[in-house]
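# can't give you the sequence, but here's the structure:
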C-alpha cells in the first residue's frame with residue numbers, strides 16, 4: 001500500500017539552504033517514568049560509545065541534548081519536562097543521564113506533547129543534520145486510550161501533532177524508539193508522527209541494543225541528508241513549472257532516478273531486514289497527513305488485541321506476549337520477556353550499505369516537501 005496521494009499547490013519559496021554533512025545535532029527525548037530505568041541506564045552507559053562510533057563512521061561534529069519528561073500534576077509532582085540544551089561534551093550528557101532517575105508516571109499516558117514541544121526550542125544549528133530520538137513506552141494524553149487523566153489532551157494546550165509538523169518544517173527528523181510490548185497498541189500513531197518528519201519508528205524489546213539503534217539511525221539520516229539536494233531539485237523543478245506536488249508520484253520518480261544511477265545509502269536494519277515503514281502501512285500513512293490531535297483521535301484506534309504474535313527474528317522460533325503497559329514497580333520489560341519465553345530476545349540492529357529503497361525515497365520526499373512547500 002503506497003503512502004497515499006498528497007498534493008501541494010505551487011507556492012514559491014527559496015531553495016533549501018546548503019547542508020553541512022559534517023555537523024550532527026542529536027537530541028534525546030526520554031520518558032523518565034518508572035518503567036524506563038533500563039533504557040536510561042543503557043543510554044548513560046553507551047553515550048560515549050554512540051558519539052565515538054558516529055564520529056568514526058561519519059567524521060562528524062556531534063552535539064547532544066536531552067529532554068526528560070514525566071507528566072502533569074496530579075499524575076506526577078516532580079516535573080513535566082527537564083531540558084538540557086546542546087553540548088559538545090559526551091561527559092556532560094552522561095552526567096545529565098546519571099542524574100535522571102526512572103520514577104513515577106501516574107496514569108498510562110505521559111507528557112509526550114510537552115517534550116516534543118520543548119525539543120523545538122533547543123538551539124538546533126540550521127545547517128546541521130538534526131535528529132530527535134524519542135524513547136517512549138506510553139502514548140500522549142488525548143489519544144483516546146484508557147486510564148487517561150487528561151482525555152482531551154495536554155493540560156497545557158500543546159498539540160503533539162502540531163509539534164511534529166513544526167519539527168518537519170525546521171528540518172528535524174524524528175525517530176521514535178518504541179519500547180515494546182508496552183507501546184505496541186500505539187505503534188501506528190508513533191510510526192505516523194515519525195514519518196511526518198521523514199523519520200522512522202524503531203521497535204525495541206531489549207534496552208541493551210539501544211546503542212545500535214541510535215548509531216544506525218544517525219548514520220542512515222546523515223546518508224540520506226547527503227542526497228536531499230537531488231530530491232530538492234526535482235521538487236523545485238515542479239514548483240517552478242507551476243505544478244502541484246504529488247508525494248506518491250515524486251517518490252516514484254526520485255526512486256527510479258536514484259536506482260538508475262546506482263545510488264546507495266546507509267540503512268538501519270533490524271535482523272538484516274528493512275524496518276517497517278508508514279509508506280507501506282495504510283493506517284500510519286493516513287494519520288501522518290493529519291494536522292492536529294483532534295482529527296487524529298477520530299481516526300486512531302489502539303490495537304489492544306491480546307495473544308501471541310510471531311517474533312520478528314529471521315530464525316522464527318517462538319512467540320512473545322503483547323500486553324498493556326506494566327505498572328510501576330513490576331518487573332522490567334527485559335525480565336518480562338524472559339519470564340514469557342524463558343530466553344532472551346536477540347533482535348540485532350545494524351547499519352548496512354544498500355541501494356536506495358522506495359521507503360527511503362518516500363521519507364526524503366516528505367522531508368523536502370515539509371521544508372520547501374508552505375502549507
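Cool, got the structure. Note that this is a predicted model, so its numbers are computed, not measured. Residues are numbered from 1 along each chain as shown.
# show me where the stretch 251-375 of the chain has strands.
Using DSSP state E, counting those that start in this stretch, the strands assigned to the stretch 251-375 of the chain run over residues 264-270, 273-274, 308-310, 319-321, 349-355.
# and if you look at the stretch 1-150 of the chain?
Applying DSSP E, counting those that start in this stretch to the stretch 1-150 of the chain gives strands spanning 7-8, 23-31, 61-69, 81-87, 129-136.
# will you turn those into JSON lines that also has distance to residue 291 and mean neighbour count?
For the C-beta atoms, the positions are set from N, CA and C on the backbone; glycine is no exception. Output for the strands of the stretch 1-150 of the chain, formatted as JSON lines (distance: least, CB to CB, whole Å; neighbours: other CB atoms under 10 Å):
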{"stretch": "strand 7-8", "distance to residue 291": "13", "mean neighbour count": "15"}
{"stretch": "strand 23-31", "distance to residue 291": "21", "mean neighbour count": "24"}
{"stretch": "strand 61-69", "distance to residue 291": "23", "mean neighbour count": "23"}
{"stretch": "strand 81-87", "distance to residue 291": "23", "mean neighbour count": "17"}
{"stretch": "strand 129-136", "distance to residue 291": "19", "mean neighbour count": "25"}
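# Turn the ones you listed into CSV, columns for distance to residue 261.
Below are those laid out as CSV (distance: least, CB to CB, whole Å):
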stretch, distance to residue 261
strand 7-8, 26
strand 23-31, 25
strand 61-69, 29
strand 81-87, 35
strand 129-136, 22
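# between those strands, which gets nearest to residue 216?
The closest of the strands of the stretch 1-150 of the chain to residue 216 is strand 129-136. By CB to CB, the value is 11.4 Å.
# Show me what that closest one packs onto, helices and strands only.
Contacts defined by 3 or more CB pairs under 8 Å, 6 or more residues apart in numbering; DSSP states H and E place strand 129-136 against strand 23-31, helix 112-120, strand 172-179, helix 210-225.
# make it 6 Å
Packing partners of strand 129-136 (3 or more CB pairs under 6 Å, 6 or more residues apart in numbering; DSSP states H and E): strand 23-31, strand 172-179, helix 210-225.
# Which element is encountered next along the chain beyond it?
helix 160-169 (DSSP states H and E).
# before we move on, back to that, of all the strands of the stretch 1-150 of the chain, which one comes closest to residue 235?
Using CB to CB, these put strand 7-8 closest to residue 235, at 9.3 Å.
# Quick check: beta-bridge partners of the residue nearest to the spatial centre of the chain?
What sits nearest the mean C-alpha location of the chain, by CA atoms, centre = their mean, is residue 175, with 1.8 Å. Residue 175 has these beta-bridge partners by DSSP bridges: residue 133.
# I'd assumed residue 198 was in contact with it.
No - contact between residue 175 and residue 198 fails when scored by CB atoms under 6 Å: they sit 10.2 Å apart.
# just to revisit the earlier point, check the residue nearest to the centre of the chain and give its pLDDT.
Looking at residue 175, its pLDDT stands at 98.
# and it, what does it touch?
The contact partners of residue 175, by CB atoms under 6 Å, 6 or more residues apart in numbering, come to 133, 199-200, 217.
# pLDDT-wise, which helix or strand of this protein ranks last?
Every helix and strand of the chain was ranked by mean pLDDT, DSSP states H and E. The lowest is strand 319-321, at a mean of 32.
# circling back: of the strands of the stretch 1-150 of the chain, give the one that comes closest to residue 289.
Evaluated with CB to CB, the strands of the stretch 1-150 of the chain place strand 7-8 nearest to residue 289, the distance being 11.0 Å.
# just to revisit the earlier point, pipe the helices and strands packed on strand 129-136 into JSON lines and attach distance to residue 137 per row.
Shown next, in JSON lines, are the helices and strands packed on strand 129-136 (distance: least, CB to CB, whole Å):
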{"stretch": "strand 23-31", "distance to residue 137": "6"}
{"stretch": "strand 172-179", "distance to residue 137": "4"}
{"stretch": "helix 210-225", "distance to residue 137": "13"}
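# coming back round to it: with mean neighbour count added, can I get the strands of the stretch 251-375 of the chain in TSV?
As requested, the strands of the stretch 251-375 of the chain are exported to TSV (neighbours: other CB atoms under 10 Å):
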stretch	mean neighbour count
strand 264-270	20
strand 273-274	14
strand 308-310	11
strand 319-321	15
strand 349-355	16
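# In a markdown table, list these along with distance to residue 282.
Converted to a markdown table, the strands of the stretch 251-375 of the chain look like this (distance: least, CB to CB, whole Å):
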| stretch | distance to residue 282 |
| --- | --- |
| strand 264-270 | 21 |
| strand 273-274 | 18 |
| strand 308-310 | 19 |
| strand 319-321 | 25 |
| strand 349-355 | 25 |
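# worst average pLDDT in those?
Comparing mean pLDDT across the strands of the stretch 251-375 of the chain, the weakest is strand 319-321, with a mean of 32.
# Tell me which residues are up against stretch 161-171.
116-117, 120, 130, 174, 193, 196-197, 292-293, 296, 370-371.
# Going by neighbour count, which residues in that stretch are buried?
161, 163-169, 171 (16 or more other CB atoms under 10 Å).
# By neighbour count, which of the contacts of residue 175 wins?
residue 199 (29 neighbours; other CB atoms under 10 Å).
# Could you pull out the buried residues of stretch 216-231?
Neighbour-count burial for stretch 216-231 [16+ other CB under 10 Å]: 216-228, 231.
# Actually, stretch 367-375.
By neighbour count with 16+ other CB under 10 Å, stretch 367-375 contains the buried residues 367-373.
# Can you tell me what sits against stretch 51-61?
Applying CB under 6 Å, 6+ apart, the contact partners of stretch 51-61 are 22-24, 62, 90, 215, 218-219, 222.
# now the chain, which segments are flagged as low pLDDT?
The chain contains residues with pLDDT under 70 at 1-18, 306-345, 374-375.
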